[in-house]
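Q: return a 3D structure for these sequence lines:
(2 chains)
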Amino acid sequence: MSARDVSRRTFLKSSGVGGLGLALAAQQAPAAVERRPPNLLFMHLDQWYWEEASAFGCAHVRTPNIDRLAAQGASFSLSYSANPVCCPARACWYTGRASSENGVIMNDQWPLAPAMPDLGQWFSARGYDAAYAGKWHVTGRPFTQSFRVLTPGSGVGEVTDGAVSRAAEGFLRARTAADRPFFLNVGFLQPHDCCYWVFEHSDGKTRTRLGPPPAELPPLPANHGHCEREPLLVRNRRSERGARAAWTAEHWRWYLWNYDRMVEMADAEVGRVLDALDDAGLAEETLVILTSDHGDGLGRHGLTSKMFLYDEAARVPFLVSCPGRVQAGLRDTRHLVSGLDVAPTLCDFAGVAGLPQARGLSLRPLLEGRAATPWREFLVAEAQRGGRMLRTPEYKYIAYQDDPVTQLFDLRADPGELVNLAEEAAHADRLRDLERRLAAWEGSLDRFPLKEPGPGAARADRRKRKG
Amino acid sequence: MSDLPRDWAALGARLDAWTPPQGVFEPAAAWTLKYARHALIPERDGAPGGGLAGALTVTQKPGADTVALRAVETVAAGFSAPTYAADMRCAADALLTPQSWTLGIRWLSGKQANLKPGELDQTRAGRVEGQEIVHKGARERRRPAPVRWTGFWNLFAALPRLPFEVSSALTFDLFEELDLHKPEQRLAYIGPQSVGLNGRTLVLHVFEQTGRGVLPWRWWLDAQHRVVLAAGGQRAYLLDTSANGGAA
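A: Numbering: from 1, shown residues only, chains lettered A, B, ... in the order given. Got it, this is the predicted structure:
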């Protein structure tokens, strides 16, 4: 489809909007019958825990800008990363394909399938000005080949997230009505700097006591304890940095307090971009998505960081806004959303064909208020090599290749995922049903043949860490 | 190096050639101080790492009723990096509160960025008008002015004016780069601390700053009240004594 094809399309003609969505469009944008497809602004934070915003009820942070986005658009609370670690999660966003299909199954060591198109290439070829600011981190695909890169940022949020938001701001403020529609991607690092906090305190000693008195630190989470039967990978995640075993309750709470501040840092940067969008008069012509590649352990299950499939790492915020096209103030707590849905949603709103074999679903029907839309009964996330999570609205099943320990949680009764029901006879049928569904999903994948990482992989990982 | 306070130890080998500032410094006079901007990224075992991440130059020129501040900060951000140049007219109060300003943002971008010349450059301006802060742009953006507020760059000139006393604690809202709002800041004098560097022992005075949207900052001032080091979570500004000549 050419750029002319895109610009010629009208929103209402191409959207198939019905019911409330049509009513909203007619009410809020009566003169917009010939509106062209929206610009696309895809912003992502890094390692952002799913409940970590004032708008989501977190009392320990103040996030006026994320809250603003939530108020003017929709947010999904049952949203999951397709693979909760940086490179795989991002590869899933940008290809619309599962990790087993796009080849990026772990950080840094497995490159993206060379022939697989990414969203930058896709939208560039369809008349969009595809631009990128900040963290990319999709192994094997230099983003300069897919986007105009405004700034690459660095590996440290506190050092260059400000430059990333400034680049996005400059890009937006310079837009004119005559410009092509844009697909602007903004990748912030924060609150990923929490990893450095963990490194710095890896010896379990408090070198410098900073911040508020202990009484003012956030409390330990209710599920700070361990689940009894856990896969080896999770146990390894907990023990591989042995020092955390020496962390006192105050260390953990201090970690939470610092994480809160990092989320507030990110919130300010998001606000700068949203202000620029408003000031440039583009807010009503731009679809905004804000999400995260994965969450953070935040002391739940005694863990920090990611790469595991408990909700702390796998579940992520997901916000969408576009005045007149997306319902304002919608808080969806019912529909399961995946990182794989980013690509289909963007393509759908843009009125362009979807990426080939994309696995996700367009959120557009939900965003337009078509609540009766048939939706997925479960979603699957991958983790590391051979880790799988199958999530239904009620249950979560977790299994790792070559690990005899599987996990089954009743998330209605046990949202903290502390009681593993996989060995309970009363749940045997349910377990078999979930295993069957997972096997069917696995069987539907068009897998990318994986090779062992080359000898340079470890070095590449060290380089990346140093930014 | 292991006995160094965290902020200094985190700079690692960057301190090997560093020497303390010499010469006279008068906080309320005209001066220019240059800082190296550092990333404080520890290794996985907690050992110091990171590196140079830009530079900051702050120039103060006192006037009759106001203080003129100029801050020029370069941010190392790979092949496309910005330089901010802020010219501020500030009230002569404890926080050197900005009254009006311009902020030029210029990008130096390599060909990898595939940008048109000057595509991302901006000139922003702002002023205080009554009880509001007004940001000028294509559209004017107004926000209520906090009771006490200042910019991050202003702290390099405001802190030298504070006495080394616990009673000098300040509460205020912070605006980084004059627009990123970080409310509920508290700046307090902690006390003197000895720092052994390259065979010498420095006695420096430490202020701690905490608040929304920032990791705790420690401001290290020498006996003449000159900011020698400002260190946050992963970002620090170390006085560039090789560049400051007699003034530093």
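
Q: residue B:219 in helix, strand or coil?
A: Classification of residue B:219 using DSSP: H, G, I helix; E, B strand; the rest coil returns strand.

Q: hey, what's it bridged with?
A: residue B:207, residue B:230 (DSSP bridges).

Q: so who does it touch?
A: The contact partners of residue B:219, taken as CB atoms under 8 Å, 6 or more residues apart in numbering or on different chains, are B:155, B:159, B:187, B:206-209, B:227, B:229-230. All C-beta spots, glycine's among them, are computed from the backbone N, C-alpha and C.

Q: between which two of these is the distance greatest?
A: Longest distance between any two of the contacts of residue B:219 is 15.5 Å, between B:187 and B:229; criterion CB to CB.

Q: point to the residue nearest the middle of the chain.
A: No chain was given, so I picked chain A. Among the residues of chain A, residue A:292 comes closest to the average C-alpha position under CA atoms, centre = their mean, at 3.0 Å.

Q: wait, chain B was what I had in mind.
A: The geometric centre of chain B, computed from its C-alpha atoms, lies nearest to residue B:153 (CA atoms, centre = their mean), at 4.4 Å.

Q: gap between that one and chain A?
A: If you measure residue B:153 against chain A using CB to the nearest CB, to the nearest Å, the figure is 13 Å.

Q: please identify which helix or strand holds that residue.
A: Residue B:153 is part of no helix or strand, with elements assigned from DSSP states H and E.

Q: related to what we said a few turns ago, can you put the contacts of residue B:219 in CSV and add neighbour count and pLDDT?
A: Shown next, in CSV, are the contacts of residue B:219 (neighbours: other CB atoms under 10 Å in any protein chain shown; pLDDT from 0 to 100):
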residue, neighbour count, pLDDT
B:155, 24, 98
B:159, 26, 98
B:187, 24, 96
B:206, 19, 97
B:207, 23, 97
B:208, 18, 95
B:209, 23, 96
B:227, 24, 98
B:229, 24, 98
B:230, 25, 98
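
Q: any low-confidence regions in chain B?
A: Within chain B, the ranges that satisfy pLDDT under 70 run B:1-2, B:50, B:244-248.

Q: ok, the closest residue to chain A within it - contacts?
A: Across chain B, the shortest distance to chain A (CB to the nearest CB) belongs to residue B:120, at 3.3 Å. Shown in contact with residue B:120 (CB under 8 Å, 6+ apart): A:150, A:166-167, A:170-171, A:174, B:80, B:82, B:105, B:107, B:109.

Q: may I see the PyMOL selection of the buried members of the residues you listed?
A: Selecting just the buried residues from the contacts of residue B:120 in PyMOL takes one command, with 16 or more other CB atoms under 10 Å in any protein chain shown as the test:
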select buried, (chain A and resi 150+166+167+170+171+174) or (chain B and resi 80+82+105+107+109)
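
Q: surely residue A:106 and residue A:84 touch.
A: No: Residue A:106 lies out of contact with residue A:84 (CB atoms under 8 Å); the separation is 11.4 Å.

Q: these two: who's more crowded?
A: residue A:84 (33 against 22; other CB atoms under 10 Å in any protein chain shown).

Q: just say helix, strand or coil for the residue lying closest to that one once chain neighbours are set aside.
A: Take residue A:84 and drop its neighbours on the chain: the residue closest to it by CB to CB, 6 or more residues apart in numbering or on different chains is residue A:294, 3.6 Å away. Three-state call for residue A:294 (three-state DSSP): coil.

Q: would residue A:263 count as being in a strand?
A: No: counting by three-state DSSP, residue A:263 is not part of a strand but helix.

Q: how near is it to chain B?
A: To chain B, residue A:263 is 9 Å away according to CB to the nearest CB.

Q: part of a helix, is residue A:270?
A: Yes: counting by three-state DSSP, residue A:270 is part of a helix.

Q: ok, it - how many residues close by?
A: Neighbour count for residue A:270, taken as other CB under 10 Å: 27.

Q: please apply the same query to the one 10 residues further on.
A: Residues lying near residue A:280 (other CB under 10 Å) number 20.

Q: and it, what does it touch?
A: Contact analysis of residue A:280 by CB under 8 Å, 6+ apart lists A:172-173, A:175, B:138.

Q: tabulate those (TSV), appending neighbour count and secondary structure.
A: Listed next are the contacts of residue A:280 as TSV, based on neighbours: other CB atoms under 10 Å in any protein chain shown; DSSP: H, G, I helix; E, B strand; the rest coil:
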residue	neighbour count	secondary structure
A:172	26	helix
A:173	18	helix
A:175	21	coil
B:138	11	coil
